[in-house]
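Undergrad: This is a predicted model, with the sequence first.
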Amino acid sequence: MLTYEQRDAVADAVFPTLALIALFHIGQALAHKRWPLFGFGLAGAVYGMFTAYGLRYLDILWPHWHRLGLDYSTHTAVVLVTVTLITLMTQKQRWVWPLIAGAYAGLMLYQAYHPLIDIVTTTLVVGFFFWPPVFFLYRWQATPPSAKANGQKPPGSVAGLT
């Protein structure tokens, strides 16, 4: 069985590892000149970190979570953003990434970093600000320029982009 410190080291490695995986996919899209996927990944990563850390900054300025007896979970926010991007940028085994996020949430609970309510409220608020623009951008990037010119709706997947 792992000690608290060993589990803590695993938890500390999760976000950097996910960030490297996301950067790898963004870099791969750039290297293969998949411009729509590259643009999506880069814009999504910048907007995601802005959302995650921007909400943390706002919580420091106006401590709404604290007033409710809660805590904004930056760990949850950055993992949520990163896992969303990786899930959308990959075509194979997409189910793995949300599972990793769920396991990380379980580890945060087990290590007593945050109670479940902190994780849930952070997910809801970050999701509210992050998911609609990112899913819109995902669909928009997936639409071929000729279809945009003809006013066609985007396809259901971006299989042609990966």
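TA: In hand now; what should we look at? Since the model is a prediction, treat every value here as computed from it, not as a measurement. Residues are numbered from 1 along each chain as shown.
Undergrad: Tell me, how many residues neighbour the nearest residue to Thr84 once chain neighbours are set aside?
TA: Nearest residue to Thr84, sequence neighbours excluded (C-beta to C-beta, 6 or more residues apart in numbering): Val134, at 6.5 Å. Bear in mind the C-beta positions are built from the backbone N, C-alpha and C, glycine included. By other C-beta atoms under 10 Å, the residues close to Val134 number 21.
Undergrad: residue contacts, Val134?
TA: Residues in contact with Val134, defined by C-beta atoms under 8 Å, 6 or more residues apart in numbering, are 44, 47-48, 84-85, 88.
Undergrad: what's the most distant pair in those residues?
TA: Farthest-apart pair in those is Tyr47 and Leu88; separation 12.8 Å (C-beta to C-beta).
Undergrad: so how far is the strand or helix carrying Phe130 off the chain centroid?
TA: Using DSSP states H and E, Phe130 sits in helix 116-142. Relative to its chain's centre, helix 116-142 lies at 8 Å (C-alpha atoms, centre = their mean, to the nearest Å).
Undergrad: buried residues in it?
TA: Using 16 or more other C-beta atoms under 10 Å as the burial criterion, the residues of helix 116-142 that qualify are 118-119, 121-123, 125-127, 129-130, 134, 137-139, 141-142.
Undergrad: Could I get the average pLDDT for it?
TA: Mean per-residue pLDDT for helix 116-142: 95.
Undergrad: start at 89 instead
TA: Understood, numbering begins at 89; the last thing we discussed is helix 204-230.
Undergrad: circling back to that earlier point, could you redo the contacts of Val222 as CSV and give each row pLDDT, distance to Pro124 and neighbour count?
TA: Output for the contacts of Val222, formatted as CSV (pLDDT from 0 to 100; distance: C-beta to C-beta, whole Å; neighbours: other C-beta atoms under 10 Å):
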residue, pLDDT, distance to Pro124, neighbour count
Gly132, 97, 12, 25
Tyr135, 98, 16, 18
Gly136, 98, 18, 23
Thr172, 97, 17, 23
Leu173, 96, 14, 29
Leu176, 94, 12, 22
